[in-house]
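S.K.: Any chance you can model this:
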Amino acid sequence: MASYFLFTEVVRCGQIGIIALRSFFTYHPNETVHVFGLESDREAIAKLKNVIFHSLDKPSPELEGWSGFRRHASKKRLRQIAKNFDHGHLGTASLWAYLIQTRPEEFIVHFDSDIVFRSSALKDITEKLESGYDLVGAPRAYKNNPNNRDDVRHLKDVTQTFFFGFNKNKISKHSYKILTKMCQGSYNPTGDPVIDFFDPVAFDILKNRGKIFFLSTDDYGGCDLNGSRTNKYPKVNALIDFGKKTAHFAAVGSGMNFYQNHGQIKKVPNSYISYGLERYAVYIKLFYNKDIKIPIKIDQYKPLFQVKKWY
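M.R.: Next up, the predicted model:
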C-alpha cells in the first residue's frame, strides 16, 4: 500500500476543527490525522486520540526536521507561516507549499476544518490514488462554471479542495515562493486565470500527465461538471456542499477568525468577511446552539436546521 499524509489546519478555529475531527474519527477510528495550528489551538484539539498536533508558532523538532529545508531555516519558515495566517489564504497556501516540499509521502490527503463527515469516506480517495490517479476530489467545473465566467471555459475541470488527495510527485519543481502563490491561486505559470485556491497546482499536475478522478456529487455535494448543484439533497446542497458522505460549510473557519480578530485581519475584502461571519454564526447555532449576535437569514438556512443527523 502506498503511503499518504493526511492533514488539516485549525489555526484559530479549534472550535470548528474539533467537529471535523470528531466526525472523521466516528467513521475512521484507526486513522491518524496531522493537525496544524497555533499553540493556542492545542488545548482544543490535542487530546483527541490519533491526532498529531503541530504548532506553527512553536515548531517541534519533528516538524522542523522533515526533509526539504535545513532545520534552522524550517523553524524560521514555520513561524512566518503562522504570521501569514493574518493574511487570509496566504497562511494556508504557505503551509501547503511547505508540506508538498518537505513530506516524504507520495500522496497528500487534506480536509478542511469546516467539513463534517457523515460516513466512511477516506478510502474513496486513497484507493483511487493507489490505483493510479493523481488528483481525486469533488469536481470544480471550469467549462460549465457556476459563475458563468467565459475567460476560463477553455481550461480543464479540476477538483475542490475541501476533501481531496493528490500525488505530489506530479507537481513540477518550483521555488517555495512560487509554489505558495500557486497554492493560493494568485499565480498560474501558464498565465491563464483561475477560479480558486490550489487550481494552478492542479493544472500543473494535469500538465504532467496526471490522471484525475471526480468524486460523486451525490456523496460529496457541491457543483457537478455541468455546473449544477442539484443532487440527491437539492435544498441543503443549494446552501452548502452536502452529500451522503460529507457536508462542507465553506468560509466558517475564516468567519471564526474574523469574529475573534475583528480589526486585525489585513487585505481581506469586506464582502468575504461578511460572508464568513454569517456562515460562522449558522455553524455555531447548528453545532453548539449558541447565538453569537451575527444576523442570520433564518428562512434561507432553514433546510440546514432540518437535518436530523450530521454525523
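S.K.: what about this structure, any weak spots by pLDDT?
M.R.: In the prediction, the chain carries residues with pLDDT under 70 at positions 1-2, 67-73, 263-266.
S.K.: Mind naming the longest helix for it?
M.R.: helix 270-288 (DSSP state H).
S.K.: What helices and strands are in contact with it?
M.R.: Of the remaining helices and strands, those touching helix 270-288 by 3 or more CB pairs under 8 Å, 6 or more residues apart in numbering; DSSP states H and E are helix 14-27, helix 252-260, helix 302-305. For the C-beta atoms, the positions are set from N, CA and C on the backbone; glycine is no exception.
S.K.: My read is that Tyr27 contacts Ala121, right?
M.R.: Yes - taking contact to mean CB atoms under 8 Å, the distance of 7.0 Å between Tyr27 and Ala121 places them in contact.
S.K.: Have a look at those two and say which one is more surrounded.
M.R.: Neighbour tally, Tyr27 and Ala121, criterion other CB atoms under 10 Å: the higher count belongs to Ala121, 21 against 15.
S.K.: So the more buried one is in contact with Lys244, correct?
M.R.: No - shown here, Ala121 and Lys244 do not form a contact pair, counting by CB under 8 Å, at 9.3 Å.
S.K.: Quickly list what's touching both of these two.
M.R.: Counting by CB atoms under 8 Å, 6 or more residues apart in numbering, the shared contacts of Ala121 and Lys244 are Asp219.
S.K.: thinking again about what came up before, format the CA atom coordinates belonging to the longest helix of the chain as PDB.
M.R.: What follows is helix 270-288 as a C-alpha-only set of coordinates in PDB (Å, rounded to 0.1, in the frame of the first residue of the first chain):
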ATOM      1  CA  ASN A 270     -15.300  43.200   3.300                       C
ATOM      2  CA  SER A 271     -17.700  41.100   1.300                       C
ATOM      3  CA  TYR A 272     -15.800  37.900   2.200                       C
ATOM      4  CA  ILE A 273     -15.600  39.000   5.900                       C
ATOM      5  CA  SER A 274     -19.400  39.400   6.000                       C
ATOM      6  CA  TYR A 275     -20.000  36.100   4.200                       C
ATOM      7  CA  GLY A 276     -17.600  34.300   6.600                       C
ATOM      8  CA  LEU A 277     -19.200  35.800   9.700                       C
ATOM      9  CA  GLU A 278     -22.700  34.700   8.600                       C
ATOM     10  CA  ARG A 279     -21.500  31.200   7.900                       C
ATOM     11  CA  TYR A 280     -19.800  31.000  11.200                       C
ATOM     12  CA  ALA A 281     -23.000  32.200  13.000                       C
ATOM     13  CA  VAL A 282     -25.000  29.500  11.300                       C
ATOM     14  CA  TYR A 283     -22.400  26.800  12.100                       C
ATOM     15  CA  ILE A 284     -22.300  27.800  15.800                       C
ATOM     16  CA  LYS A 285     -26.100  27.700  16.100                       C
ATOM     17  CA  LEU A 286     -26.200  24.300  14.400                       C
ATOM     18  CA  PHE A 287     -23.500  22.500  16.400                       C
ATOM     19  CA  TYR A 288     -23.300  24.500  19.700                       C
END
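S.K.: Thanks a lot, catch you later.
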